[in-house]
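> Attaching a predicted model along with its sequence, questions to come.
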Amino acid sequence: MKVHHICVIGSGFGALSSVREIRQRDAQAEITLISPRAELHYLPGIIWIPSGLRKREQLVVPLANFFKRMRVHLVVGEVTGLRDGGRSVETTAGVVHNDALVIASGGRFIKKLPGIEHAITPCEGIAAAEKIRDRLKAMKGGTIAIGFAGNPNEPSAVRGGPMFEFLFGIDEQLKREGRRDKFELVFFNPSKEPGNRLGPQAVKYLLDEMARRGIRTHLGDKMVCFEANKVVTEGGEFAADLILFMPGMTGNLWFDQTDLARSPGGLLKADAQCRVVGAQRVYVVGDSGSFPGPDWMPKQAHMADLQATAAAINVLDDLNGRTPHASFKVELICIIDAIDHGTVVFRNEKRQIILPSSRLFHWVKRGFEKAYLRKYQ
């Protein structure tokens, strides 16, 4: 029986789940993973860095043990392009050949808005959350503006959930420190219904929660620019001493050095089996891909894990001469946390559920983190 060589690009949720799922189904396959680092950075946990609930070392998981268990060959480098229809991956560490390829290299934030250097983009990584922590600690008062926007050509390429968590978490943190009365919190978004991918019930809940907490909103106006101490929109401007902003996402720069099909928003165009359209044995998982389905399909770790399972099944079927058939369910599940309590939001194609804020859900989120990271330790 032929031993197949499968290459996985990335070291985030989608990539590592793909490795686990492939190895579970094929003990003999050769797996090569390409990444700039042999670490998993657990970004869902960065919401707790400003309050001190988490530190960097708690969110960085060295992957050497996991790679050893999974018998993965690691290539430390940056991907720069593809050749031979995806069979050759060009990297800063040399060329990696493969029989099948899984691309799970994440997305790239669109940094075109003038003055965006004046804003912190939280989900860029742990360092960004540490910067927020340090800025908050140094501030004696002022206005904190928190918002997000999307990719106008890719409705699903937005990550708004963490921004609600930073918003409510900072509000709670300032209250704990006895400083909330010295700050004004402003939430801004170009949509009149921020978070509408979570569902109408969730939008109402979030806006009601902002009102209850005394958080001012600036909604429905297209972004124009940021200045050092100001947010400017087509509907007006307001002062801001600290700006947290999550722009929409697009594809990695190295995608431009390939012939792979792209969506209007710059992601890799995929079918329901996670195959990149028009390519042979090239699959995509997570933020890198544009998948068929509802426009509220989330860009979150849970969705990447579901896609990774389908991709693993289909990659192995493809390599063994069978027609790829596995697809993934589309569902959104998150706990919007505020330091010591959280709200559950669930959505699939049949129903939407919101479970009101509870301390229990905060501990569920922490328990999930512990269980998830254990897989890779």
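That came through, no problem.

> Going by neighbour count, list what's buried in stretch 228-239.
230-233, 237 (16 or more other C-beta atoms under 10 Å). Every C-beta, even on glycine, is put in place using the N, C-alpha and C of the backbone.

> Dihedrals phi and psi, Ile353?
Phi and psi for Ile353, reported as degrees, to the nearest 10, are phi -130, psi 140.

> How about Asn189?
With angles defined as degrees, to the nearest 10, Asn189 sits at phi -160, psi 140.

> could you measure the residue lying closest to Ala145 once chain neighbours are set aside against Phe168, distance?
Once flanking residues are discounted, Ala145 sits nearest to Ala240: 3.8 Å by C-beta to C-beta, 6 or more residues apart in numbering. Distance, Ala240 to Phe168, by C-beta to C-beta, to the nearest Å: 18 Å.

> Could you do Ala279 as well?
Counting by C-beta to C-beta - Ala279 and Phe168 are separated by 42 Å.

> Please apply the same query to Thr258.
40 Å.

> Neighbour count for these two, which is higher?
Remark: of Thr258 and Phe168, Phe168 carries more neighbours, 27 against 24, as counted by other C-beta atoms under 10 Å.

> Just the pLDDT for the more buried one.
Looking at Phe168, its pLDDT is 97.

> dump the residue contacts of the closest residue to it other than its chain neighbours.
Spatial nearest neighbour of Phe168, chain neighbours left out: Ala338 (3.8 Å); criterion: C-beta to C-beta, 6+ apart. Residues near Ala338 by C-beta atoms under 8 Å, 6 or more residues apart in numbering: 165, 168-169, 171-172, 357, 362.

> Name the nearest of the buried residues of stretch 228-239 relative to Thr323.
Thr323 has its nearest neighbour among the buried residues of stretch 228-239 in Thr233, at 49.9 Å by C-beta to C-beta.

> I'd guessed the residue nearest to Ala145 sits against Met139; true?
No: under the criterion of C-beta atoms under 8 Å, Ala240 is not in contact with Met139, lying 11.7 Å apart.

> More neighbours: those two, which one.
Ala240 (25 against 16).

> and the buried residues of stretch 228-239, which two are the farthest apart?
Lys230 and Thr233 (10.4 Å).

> which residue packs closest to Arg197, ignoring adjacent ones?
Per C-beta to C-beta, 6+ apart, closest to Arg197 is Trp296, 3.9 Å.

> Relative to Gly150, how far out is the one you found?
On the measure of C-beta to C-beta, Trp296 and Gly150 end up 12 Å apart.

> Between the two, which is the more surrounded one?
The neighbour comparison of Trp296 against Gly150 (other C-beta under 10 Å) goes to Gly150, with 22 against 16.

> Against which helices or strands is the host helix or strand of Phe188 packed?
In the assignment (DSSP states H and E), Phe188 maps to strand 183-189. Using 3 or more C-beta pairs under 8 Å, 6 or more residues apart in numbering; DSSP states H and E, the elements in contact with strand 183-189 are strand 142-148, helix 161-176, strand 216-219, strand 230-233.

> Could you provide these in a markdown table, with additional columns for distance to His118?
Listed next are these as a markdown table, based on distance: least, C-beta to C-beta, whole Å:
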| stretch | distance to His118 |
| --- | --- |
| strand 142-148 | 10 |
| helix 161-176 | 17 |
| strand 216-219 | 17 |
| strand 230-233 | 8 |
